[in-house]
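Asks: Quick one: sequence plus predicted model below, questions after.
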Amino acid sequence: MKMPWMKLICLAFLFLSLRNQICYGAPDDYDDYDEEEEPKENNPPGQDKCNGIFLTYTFMERNKELPHVKNVTAQAWSFKSKATLVNTGLEELKGWKMFIRFQHREVLVSATNAILVDGAGDFPAKVEKGATLSGYPNTDLKTSVDTAGDLTKMSTEIEFTGTMFGLNEKAIPLPRSIRLANDGWKCPTLTTYHTFLTTCCHKDPKYKSLNKSAKGKYTPRQFGDLNLIYDVLKSYEGSYEAQVTIDNDGTLSRLDNWNLTWEWMRGEFIHSMRGAYTRRIEYSDCIFGLPGQYLKGFDFSQVMNCEKRPVISDLPLEKANDTEIGLIPNCCKNGSLVSPVMDENNARAVFQLRVYKLPPDIPKTVLYPPQRWNITSLVSAHYHCSAPVRVDPSAFPEATGTGAKTYAVASWQVVCNMTKPEKKRAKCCVSFTAFYSNGAVPCSTCACGCDDSQTDKCNPSSRALLLPPDALLLPAVNRTAKIKAYAKLKKKPVPRTMPCPDNCVVSINWHVSSDHKAGWTARMTLFNWGETQFKDWYAAVELKKAASGYDDVYSFNGTKLVSPKNTIFFQGLKGLEYLIEIKNGSSDSKPKVPGKQQSVISFIKKKPEAINVRKGDGFPSKVFFNGAECALPDSLPSAATLLSSMPLLFFSAIAFLLITYPCHS
């Protein structure tokens, strides 16, 4: 029987209606639906339920780059993606920071509305180990309550372009994770969709800020190993005067011959400075750049520096009272900032500068600090510096001595913290020896790096060979014969291509001298293999179990620190503050002699059963020299290496050698 046409038409209409609802969705509540109302854009899943900061990372597109190769892991792809941060809570987030853990050997080429921090540098930047970004020029995320739901003030969108490697054409290249990098925030749940990630970050109720001061208008000041303040002291139309203060607040932090760099983001340039100088004094970048176009008739011959990334250094001591470039309190210390444990009066550096601006930033109320701060030093720690964060204006005593205070026009803080050195990029290293072993466990191969010219003659990947202890007194180039003789004596094979040396300017030997029921002793020897002497040197060792038993040190000054825990701080006695440079031997046939400092350190065993010196408790877990964390050996001395025929004679010879080469020579 044929179905009437009217029924067919009704069924078709019903089918089309159902199809539209399935494919395109339908209003959740028909009673509230207004046909004249513009449809609102849907938020990402989970955003409406987030009471905090909602983060997303979305992959957008990618294209195969040249050259096209058959090896999938070597193929490069250009990609575009975006990240968003939305304040969906009731608390403003000042100075937001976002960490993205990439995983496909990404190279970021550009990012809008953000800059890279933590030493990643400028674009293009390799971010395969992750990247921390901070907002620029807008650094804060306000709340919906304070802005009446204005997304331009509540949120930030970052658009990325970059390159990645190693994925087939159908794979979606998402990062491993995203999170808020601000202190006191947690992002516990990461939700992964096909082309994007989301997470809701909220304040950690257990987090306690170190800053107990009352809340101000801007972000509370933070604490780090180095704290830098950029104060605008006076502001004019087209220029301003600023002061930079560097405070060394880290117990183990230290700077020698420091160099400070930053990046001008809006065409600014340094007209003049007091208390410091730029390593390059030139104005050609101004004449041929934007300043030359905007500032007609300006005399650039008096300008100190027009580089986008100037390198700034401290002045020498003799310039402290110079009426033109000195006379700034706490300036002119030859680039030396010691640990506050050593001398609080020499833990601060200050300099001032006159900065010129370009349109549209001419008004005196428009102020932007430089970005991408970084500081380096001779044989010191590596530092990662945050982006500048606006803080309450700094206060200064009024010049007339009335007790009144004057305030900066505006202030920003940059926090720099010491980082653990990457493998084969240390600046000092440690070797281990012990009375119960005749073998020295040396610094690891290329601990402080190897250059290409070396690796043609040595193996940078081979494990360092055991040494006879007396070889530690010799430069690396003079150790080969002793290494081979020792290996032959021990019946150990010697590779055809010898391991490369450690290449460290400073090395430290930690020798366990004795071990008995009531206590034990160690001897620490510092070697300077470089051409520069170290004034007011210091060292620190962390002994996780044995530090509490620290008793005395005999040729150094020693202090057991409260923080960091289990750490003992050493420095030279008065008159012995110098670790001198390497010297030539007494004749052409004699090897060079390193500068040395040495002392015996004694410990008591409060609980003898809790300390096992030979199994590791007598050896440091961390060693620092002038703030730099040193590379440690891969293993400990073993009693199995003891030669039964000549231990006493052998160590007597070592003692004779150490006495022959005076500790403080």
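Replies: Okay, I see it.
Asks: and the nearest residue to E398 once chain neighbours are set aside, how many neighbours?
Replies: Leaving aside its chain neighbours, E398 sits nearest to A404 (4.1 Å; criterion: Cβ to Cβ, 6 or more residues apart in numbering). Placement of C-beta: from N, CA and C, glycine included. Using other Cβ atoms under 10 Å, A404 has 9 neighbouring residues.
Asks: For beta bridges, what are the partners of the closest residue in space to E157 that isn't next to it in sequence?
Replies: Residue nearest to E157 in three dimensions, not counting chain neighbours: T84, with 5.0 Å by Cβ to Cβ, 6+ apart. For T84, the beta-bridge partners under DSSP bridges are T56, E157.
Asks: Quick check: T84 touching N43?
Replies: No - applying Cβ atoms under 8 Å, one finds T84 not in contact with N43, separated by 10.3 Å.
Asks: In terms of neighbours, single out the busier of these two.
Replies: T84 (20 against 14).
Asks: what's the pLDDT at the most centrally placed residue in the chain?
Replies: By Cα atoms, centre = their mean, the chain has its centre lying nearest to H384, at 2.4 Å. Predicted confidence (pLDDT) for H384: 88.
Asks: State the paired neighbours of the helix or strand harbouring it in the sheet, together with their directions.
Replies: Using DSSP states H and E, H384 falls within strand 382-385. Neighbouring strands of strand 382-385 in its sheet, by DSSP bridges, are strand 410-419 (antiparallel).
Asks: mean confidence score for the strand it pairs with?
Replies: 93.
Asks: Stretch 144-158 too?
Replies: 94.
Asks: Tabulate the CA atom coordinates of that stretch in PDB.
Replies: The C-alpha trace of stretch 144-158 is given here as PDB (Å, rounded to 0.1, in the frame of the first residue of the first chain):
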ATOM      1  CA  SER A 144      35.000  40.600  36.600                       C
ATOM      2  CA  VAL A 145      33.600  42.400  39.600                       C
ATOM      3  CA  ASP A 146      36.000  45.300  39.300                       C
ATOM      4  CA  THR A 147      35.600  45.700  35.500                       C
ATOM      5  CA  ALA A 148      31.900  44.800  35.000                       C
ATOM      6  CA  GLY A 149      32.900  41.800  33.000                       C
ATOM      7  CA  ASP A 150      35.400  43.600  30.700                       C
ATOM      8  CA  LEU A 151      37.300  40.700  29.100                       C
ATOM      9  CA  THR A 152      40.000  43.100  27.800                       C
ATOM     10  CA  LYS A 153      41.000  43.700  31.400                       C
ATOM     11  CA  MET A 154      40.200  40.300  32.800                       C
ATOM     12  CA  SER A 155      42.100  38.200  30.200                       C
ATOM     13  CA  THR A 156      45.100  37.900  28.000                       C
ATOM     14  CA  GLU A 157      45.500  36.100  24.700                       C
ATOM     15  CA  ILE A 158      48.900  35.100  23.500                       C
END
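Asks: Please tell me how far the residue nearest to Q413 when sequence neighbours are not counted sits from A410.
Replies: Nearest non-adjacent residue to Q413, counting by Cβ to Cβ, 6+ apart: V391, 4.8 Å away. For V391, the distance to A410 (Cβ to Cβ, to the nearest Å) stands at 9 Å.
Asks: same question, D299
Replies: From D299 over to A410 the distance is 28 Å, taken as Cβ to Cβ.
Asks: Of those two, which one has the most company?
Replies: Counted by other Cβ under 10 Å, D299 and A410 do not tie: A410 has more neighbours, with 22 against 8.
Asks: From the rest of the structure, what touches the strand holding H384?
Replies: Contacts to strand 382-385, defined as Cβ atoms under 8 Å, 6 or more residues apart in numbering, come from residues 117-119, 225-226, 228, 373-376, 414-419, 421, 425.
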